[in-house]
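Enquirer: here's a sequence, model it:
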Amino acid sequence: MRQGDTVKITDANDHSQVAAPGYGMYYLWAIRHLPGNPYTVPEFTEEHLWLNQPDAPIWRPRRDR
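Expert: Modelled structure (predicted):
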């Protein structure tokens, strides 16, 4: 993967993403709704649920810029 690449995520595959320490990342995710099976809520891999906690120790942009 390189900057500007596009990837198709196939069924039953995880799609984790990462940025180098100290760098922000913009990740655009488009979802195709299937007839009779619309996407309604995201599913998270159990071992990574801690990232959804309000106090998760993750990088946040500085507000003084």
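Enquirer: number of residues surrounding residue 35?
Expert: 5 (other Cβ atoms under 10 Å). In this view, the C-beta of every residue, glycine as well, is placed from N, C-alpha and C.
Enquirer: that one and residue 20: what is the separation?
Expert: Distance, residue 35 to residue 20, using Cβ to Cβ, to the nearest Å: 40 Å.
Enquirer: using the three-state scheme, assign the closest residue to residue 58 other than its chain neighbours.
Expert: Among residues not flanking residue 58 along the chain, residue 51 sits closest, at 6.7 Å (Cβ to Cβ, 6 or more residues apart in numbering). In three-state terms, and counting by DSSP: H, G, I helix; E, B strand; the rest coil, residue 51 is helix.
Enquirer: ok, residue 51 touching residue 45?
Expert: No. Between residue 51 and residue 45 there is no contact under Cβ atoms under 8 Å: 9.9 Å.
Enquirer: hmm, back to that, state the pLDDT value of the residue nearest to residue 58.
Expert: At residue 51, the model reports a pLDDT of 82.
Enquirer: now swap in the one 3 residues further on and tell me
Expert: Note for residue 54: predicted pLDDT of 88.
Enquirer: for it, grab the count of nearby residues.
Expert: When counting by other Cβ under 10 Å, one arrives at 4 neighbours for residue 54.
Enquirer: any idea how far residue 48 is from it?
Expert: Relative to residue 48, residue 54 is positioned 16 Å away (Cβ to Cβ).
Enquirer: in terms of helices and strands, where is the nearest residue to residue 61 once chain neighbours are set aside?
Expert: Distance criterion Cβ to Cβ, 6+ apart; nearest residue to residue 61, sequence neighbours excluded, is residue 24 at 5.8 Å. For residue 24, there is no enclosing helix or strand under DSSP states H and E.
Enquirer: what number of residues lie near residue 24?
Expert: Look at residue 24: counted by other Cβ under 10 Å, it has 8 neighbours.
Enquirer: got the phi and psi for it?
Expert: Dihedral pair for residue 24: phi -80, psi 170, per degrees, to the nearest 10.
Enquirer: so it touches residue 62, yeah?
Expert: No. With contact defined as Cβ under 8 Å, residue 24 does not count as touching residue 62 (10.1 Å).
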